Structure formats: structure tokens, C-alpha cells
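Trainee: fold the stuff below for me.
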Amino acid sequence: MSQIKVLFVCMGNICRSPTAEGVFNKLLQDRQLSDRFLVDSAGTHAYHVGNGPDGRAQQTAKKRGVDLSTIRARQVKPNDFEHFDHILAMDADNVAILRDDCPSEHLHKVKRFLDFAPEQDERDVPDPYYGGQNGFEHVFDLVEAASDGFLDSIK
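Mentor: The predicted structure is shown next:
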């Protein structure tokens, strides 16, 4: 059986998308589904390539049992559109950037992540980078909800 390949995308790949990668991997591990998925994250911009996730994101994740320490930021590559089955962007701006770069035959793969959490009032996972710790907690809550919804949608 081939793996389902999922790419989480935000702007710089140091806050939201690595949080989503870590949360989704933990969810898969808890449900004993890790071997059925390949999960990665990337940014639409190259601001932080090679860096680990923001310390506040790592701290928030660690408190909730998720380890982000091995993740390193990278930028979305042209072959990601072909390679991944699902490309889940954190907000409308990143959806637009991805759709501009995506070959038409792969446009169906690009979706906004919070569309999988319809019970949430927000449609965009807000960028917590310039805010305080509460923003990272809020991002984690949103990512957990969307991760559950996404996994349920592809079961």
C-alpha cells in the first residue's frame, strides 16, 4: 500500500506548518497510522531555510507532548506539487501563492487547512510570530482541530 503524502505550508516554515507537521505525526502515532503517511512541512518563502522551529512553537508543542526539535525549515519546491497528495496551507495568502506556482493538474491538492475544522470560527491559522505565547497556544488548538478533521476526511 502506498503512503498518503501530506505537506503543511505556511510562510516561513518555523511556526504554523512545523506545528501542524508535529501535531499530525503525533495523531498518526497515537492512532497507529504512522506507516501509512509521509508528512512534511515547508514555507512559501525562504526566510528561515535550515532553521528549527521558533522556540515558542517548540515550547508550546513540548508542553502538549509533541516534539518539533528535528524539523528544519525549507521552502516549497516545484516537485512538491507532484510528490504530495495533499498540500495544506495555513492561510488564504499562502493558498494564493501555492496556486500561482502550482501546475494546473495538481491544483486540486492545494487546500486551506482550517477547511477541515468547520466548527472553528476562523478560516486562517493566524501567524503567531510577532505576538506572544498565547498566539502559539491558539495556533496549536486550531492545528489540533484541523488535524483531526483532515484525518477523518481521508479515512
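
Trainee: and the biggest helix by length in the chain, how far out from the chain middle?
Mentor: Longest helix in the chain by number of residues, with DSSP state H as the criterion: helix 133-154. Offset of helix 133-154 from its chain centre (CA atoms, centre = their mean, to the nearest Å): 9 Å.

Trainee: not counting its own residues, what contacts that helix?
Mentor: Counting by CB atoms under 8 Å, 6 or more residues apart in numbering, the neighbours of helix 133-154 from elsewhere in the structure are 4, 6, 15-16, 19-20, 23-24, 27-28, 31, 33, 54, 56-57, 59-61, 64, 86, 88, 113-114, 116-120, 122, 125-126, 128. The way it works is simple: take the backbone N, C-alpha and C, and place the C-beta from them, glycine included.

Trainee: in strands, which of those residues fall?
Mentor: Applying DSSP state E to the contacts of helix 133-154, the entries found in strands are 4, 6, 86, 88.

Trainee: partners of the third one in the sheet?
Mentor: Under the criterion DSSP bridges, H86 forms beta bridges with V6.

Trainee: dump the residue contacts of it.
Mentor: Counting by CB under 8 Å, 6+ apart, the residues that H86 touches are 4-7, 109, 111, 150, 154.

Trainee: tell me which of those residues is nearest to A96?
Mentor: Proximity of the contacts of H86 to A96, judged by CB to CB, is greatest for K111, which lies at 12.6 Å.

Trainee: assign that closest one to helix, strand or coil.
Mentor: strand (DSSP: H, G, I helix; E, B strand; the rest coil).

Trainee: please tell me how far the residue lying closest to it once chain neighbours are set aside sits from F150.
Mentor: Closest residue in space to K111, ignoring its immediate chain neighbours: L88 at 5.7 Å, by CB to CB, 6 or more residues apart in numbering. The gap separating L88 from F150 is 7 Å, by CB to CB, to the nearest Å.

Trainee: quick check: neighbours shared by these two?
Mentor: Contacts common to L88 and F150, judged by CB under 8 Å, 6+ apart, are 6, 113, 116.
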